[in-house]
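*Asks:* Okay, sequence plus prediction incoming.
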Amino acid sequence: MKHLLKLQDLTREEILSILNLADQLKYERNHGIINDSLKGKKLGMIFQKSSTRTRVSFETGIYELGGYGMFLSSHDLQIGRGEPVEDTARVLSRYLDGIMIRTFAQKEVEDLAKYGSIPVINGLTDYAHPCQVLADLMTIREYKGSFKDLKLTYVGDGNNMANSLIVGAVKLDMEINIACPEGYEPDAQIVKWAHENGNLTITRSVEDAIRAADVLYTDVWASMGMENEKVKREHDFVGYQINSSNIKNAKSDVMVMHCLPAHRGEEITAEVFEAHANEIFDEAENRLHAQKAVMVKLMKK
Ligand code: CP
Ligand code: NVA
């Protein structure tokens, strides 16, 4: 494993090994055990979109591992003025030990890895959010003990989260159901791959998808960069919500997850959100542990 560009690139064993290390790092942190596996290592963090969790968890994570994180806003970098990614990649490779990037096009992340000579971590693109799903898998295993026989249901937009959740679920043998409106399906190639390799159902029926689910997941209707579609999407996604009425169809011990930020009253009601706040904020915390594990795997020589 040289980079974390998308979950498809990882084997099931590599994913499990990251989750195991994340559990260990969480235990160590909770018990005051210092782990400075990345002492002196430098991580550049390029952001072309806003972030609370990704930025703070990466910066905290590299610091706790003994390294240094550098926040690089694309507004201030020459990349924002058109310097090619292949040049940025080669320059940053001369200074740093790793790059985390949040941007729009997946190709930009792949090109950074192609032209640079240091590990690249995808901190969200329009296509994928692998760091989030590693934290999600860690959280699911914490609550459910294992992935065996679990049914994961995602309600909402077939976006970066849906794409990465499908891949994560298939790799770990969970059944995955997606309830989304017509025209908002996840990436066609991922869907094809999941049909061939796992147990994926895509439906228009939120009720069908939720029935007997062990894990319910949702995300915003309009992702970053889609602000101009907000009104249309508010119309198109009516009914694609997790609420106290449809959650009754899930298993009684269902866990509810959200990558955050959440829009109460849209993809999830405030009532359901607050009733499952423990899971949701454990999930947010686990970003830190999962990403520390990813950094150690990629950046420790
Ligand atoms: N879930 C997530 O990636 O949050 P941020 O956008 O705050 O980083
Ligand atoms: N789908 C959302 C996820 C935010 C963490 C977005 O891309 O804005």
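*Replies:* Noted; the coordinates are in hand. The structure displayed is predicted, hence computed values, not measured ones. Ligands and ions are numbered 1, 2, ... in the order given.
*Asks:* CA only for contacts and neighbour counts going forward, please
*Replies:* OK.
*Asks:* for the residue of the stretch 201-301 of the chain found nearest ligand 1, what are its contacts?
*Replies:* For the stretch 201-301 of the chain, the nearest residue to ligand 1 under the criterion CA to the nearest ligand atom is residue 259, separated by 4.3 Å. Listed by CA atoms under 8 Å, 6 or more residues apart in numbering, the contact set of residue 259 reads 132, 218, 219, 280, 283, 284.
*Asks:* tell me, how many neighbours does the third one end up with?
*Replies:* Which is residue 219. If you count neighbours by other CA atoms under 10 Å, residue 219 ends up with 26.
*Asks:* From ligand 2, how far off is it?
*Replies:* Counting by CA to the nearest ligand atom, to the nearest Å, the gap between residue 219 and ligand 2 amounts to 6 Å.
*Asks:* partner residues bridging the nearest residue to that residue once chain neighbours are set aside?
*Replies:* Spatial nearest neighbour of residue 219, chain neighbours left out: residue 258 (5.9 Å); criterion: CA to CA, 6 or more residues apart in numbering. With DSSP bridges applied, residue 258 shows beta-bridge pairing to residue 218.
*Asks:* so what's the backbone phi/psi at residue 18?
*Replies:* Reported as degrees, to the nearest 10, the phi and psi values for residue 18 are phi -60, psi -40.
*Asks:* who does the host helix or strand of residue 121 touch, helix- and strand-wise?
*Replies:* Element membership for residue 121 (DSSP states H and E) is strand 120-122. Of the remaining helices and strands, those touching strand 120-122 by 3 or more CA pairs under 8 Å, 6 or more residues apart in numbering; DSSP states H and E are strand 98-102, helix 106-115.
*Asks:* can I get the contacts of residue 259 in a markdown table with distance to ligand 1?
*Replies:* A markdown table is the format used below for the contacts of residue 259 (distance: CA to the nearest ligand atom, whole Å):
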| residue | distance to ligand 1 |
| --- | --- |
| 132 | 6 |
| 218 | 11 |
| 219 | 9 |
| 280 | 11 |
| 283 | 9 |
| 284 | 7 |
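*Asks:* and these, which are buried?
*Replies:* Among the contacts of residue 259, those classed as buried by 16 or more other CA atoms under 10 Å are 132, 218, 219, 280, 283, 284.
*Asks:* State the distance from the first one to residue 234.
*Replies:* With the distance defined as CA to CA, to the nearest Å, residue 132 ends up 24 Å from residue 234.
*Asks:* Equivalent analysis for the fourth one, please.
*Replies:* As defined by CA to CA, residue 280 lies at a distance of 23 Å from residue 234.
*Asks:* Ligand 1 contacts on this protein?
*Replies:* By the rule CA under 6 Å from any ligand atom, the part of the chain lying against ligand 1 is 51, 52, 53, 54, 55, 259, 260.
*Asks:* can you pick the most crowded of those?
*Replies:* When neighbours are taken as other CA under 10 Å, the top entry among these is residue 54 (23 neighbours).
*Asks:* Tell me the confidence at that one?
*Replies:* We have a pLDDT of 98 for residue 54.
*Asks:* Grab the nearest non-local neighbour of the most centrally placed residue in the chain.
*Replies:* Within the chain, one residue has its C-alpha closest to the average C-alpha position: by CA atoms, centre = their mean, that is residue 132, at 2.1 Å. The spatially closest residue to residue 132, leaving aside those adjacent along the chain, is residue 287, at 6.4 Å (CA to CA, 6+ apart).
*Asks:* Report the secondary structure element holding that neighbour.
*Replies:* Assessed by DSSP H and E, residue 287 sits inside helix 277-299.
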